[in-house]
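can you look at this prediction? I've put the sequence above it.
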Amino acid sequence: MASATVGARLWLLVEYTGAWPSHLESFELPEKISELVRRALDRGIRPQLIRRPGKRTRPQEQGIRVLLAYAVGDRPWLASGVVAGPDDLDLDALVAGVVPESCILEDEPVFLVCTHAKRNACCARIGLPLARTLADSLPDRVWETSHVGGDRYAANLVCLPHGIFYGSMSQAAALAAANAYRSGEIILDRYRGRAGIPEPLQAVEHFARAHTGECSVGAVAVESSRSDGDVTEALVRCGDVRFQVVVEPSAFTAPCGTACAETITTYRLVSLDRLTPVRYATPALA
């Protein structure tokens, strides 16, 4: 809970079937791929390498296949295209929330499974078979991807364009989460949060959903918030109802035997109160 990558509101996915470096920021990639990654980072866009599950030796297509996700607000979008090089992809358009001319809108979501072995062995060991199984059920909508954050939660699943994160996924749980997202819903089991949102507000959303049972992707939104030290108080809209939710950080020991961090910061619910709608008195007639 409340562990989705905070700095990922804009996404650039670049298909690359060669060897992935441990860190994209090292730019140990072919020149055109490295330049795309560099331009994305310069603009605050999250770059990811992707490849089809189980097809690592497939020859690279002519041009570079890219997917762009604008994971902002209640109307996110996903677009795809094949470009000859970095100069053919207008990343400034993505920053502005506009589909670049070299891309076309996608009408189906995509699902990313982290399989980045050079970042964490668990991601490959658990992620690879999950990606292949999920791809069998959802052909052409599933990609292996480089590091998405939260290796301790392997296997990780990201649903775009909203940037919905799930962790510690089994194959059955991943298929259930993907099918729910295709229907516009979230499953709270193993839900890490939505990317691009501060962690305390991810927690606020989670507790509001758990309290109400609201599972629609767009039905819950934080309208305002303020922090006092470690305590965060937020006004949350859940359907037609508003709640005042207060959370504070907590921590527990991670049950992972790898090099992952031994403790995980999470959040504890302090209070959750339904707000009474303001009722206005009918003015007396003159």
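Thanks, I have it.

name the nearest residue to Thr145, sequence neighbours excluded.
Of all residues beyond its chain neighbours, the one nearest Thr145 is Leu112 (4.1 Å), with distances taken as CB to CB, 6 or more residues apart in numbering. Yep, even glycine has a C-beta here, placed from its N, CA and C like the rest.

please state the offset of the helix or strand harbouring Phe207 from the chain centre?
With the criterion set as DSSP states H and E, the secondary-structure element containing Phe207 is helix 199-212. For helix 199-212, the distance from its own C-alpha centre to the chain's C-alpha centre is 16 Å (CA atoms, centre = their mean, to the nearest Å).

please report the distance of the residue nearest to Thr145 from Arg194.
When distances are taken as CB to CB, to the nearest Å, Leu112 and Arg194 turn out to be 14 Å apart.

what pairs with the residue nearest to Thr145 across the strands?
Applying DSSP bridges to Leu112 yields these beta-bridge partners: Trp143, Val158.

that one and Gly149 touch, don't they?
No. Proximity of Leu112 to Gly149 does not meet the contact threshold set by CB atoms under 8 Å, at 11.5 Å.

between these two, tell me which one has more neighbours.
The neighbour comparison of Leu112 against Gly149 (other CB atoms under 10 Å) goes to Leu112, with 25 against 20.

quick check: pLDDT value at that one.
If you check Leu112, the pLDDT there is 98.

can you name the residues that contact it?
Leu112 makes contact with Leu13, Gln48, Ile50, Val142, Trp143, Glu144, Thr145, Val148, Leu157, Val158, Leu160 under the criterion CB atoms under 8 Å, 6 or more residues apart in numbering.

if I look at it, how far off is Ala172?
The spacing between Leu112 and Ala172, counted by CB to CB, is 18 Å.

which other helices and strands contact the helix holding Phe207?
With contacts defined as 3 or more CB pairs under 8 Å, 6 or more residues apart in numbering; DSSP states H and E, helix 199-212 has these neighbours: strand 191-194, strand 220-228, strand 231-238, strand 241-253, strand 263-274.

could you check the angle strand 231-238 makes with that helix?
With axes from the mean of the first three to the mean of the last three CA atoms, to 10 degrees as the criterion, the two stretches helix 199-212 and strand 231-238 enclose an angle of 50 degrees.

could you chop this protein up by domain?
The chain breaks down into these domains under automatic domain parsing: 10-182, 198-274.

between those domains, which one is nearest to Met1?
Proximity of the domains of the chain to Met1 was assessed by CB to CB; the nearest stretch is domain 198-274, lying at 5.1 Å.

ends of the closest one, what's the gap?
Here the two ends of domain 198-274 are set 22 Å apart, with distance taken as CA to CA, to the nearest Å.
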